[in-house]
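**Student:** here's a sequence, model it:
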Amino acid sequence: MVDRAPEGMRRFTMVREHDASGVSGTGLVLEGVQFSTGVVVIHWLTPPPRGSISVFDSFEQFLAIHVAPHPDNHAMLVFEDGEKLVDVRGPLTV
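**Tutor:** Prediction:
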């Protein structure tokens, strides 16, 4: 048997009320997945027709770059199991 990385992934989406940057809009703006290794891949739904893909070493890194700097966006992350991460007064925390 070959040693392998852990298995499993967790899907999520991000919805936000505001767009401080004016780049990706409001409402549903991205879909993402967190792999069992901690790596996060997000798919921005803009620009059309394909959007764009970004890769992060951790969920914390993704939050620090794209969520925490913009608390006025009122972002909410919704996981496929129904868990929600939201804080309309400041940055999201894990």
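**Student:** how far does the helix or strand bottoming out on mean pLDDT in the chain sit from its chain's centre?
**Tutor:** Least confident helix or strand, the chain: strand 84-86 with a mean of 85, by mean pLDDT, DSSP states H and E. Centre-to-centre, strand 84-86 and its host chain are 11 Å apart (CA atoms, centre = their mean, to the nearest Å).
**Student:** helices or strands up against that strand?
**Tutor:** With contacts taken as 3 or more CB pairs under 8 Å, 6 or more residues apart in numbering; DSSP states H and E, strand 84-86 sits against strand 75-79. Placement of C-beta: from N, CA and C, glycine included.
**Student:** show me what counts as buried in the strand it packs on.
**Tutor:** By 16 or more other CB atoms under 10 Å, the buried positions in strand 75-79 come out as 75, 76, 77, 78.
**Student:** in the chain, what spans have low per-residue confidence?
**Tutor:** 87-94 (pLDDT under 70).
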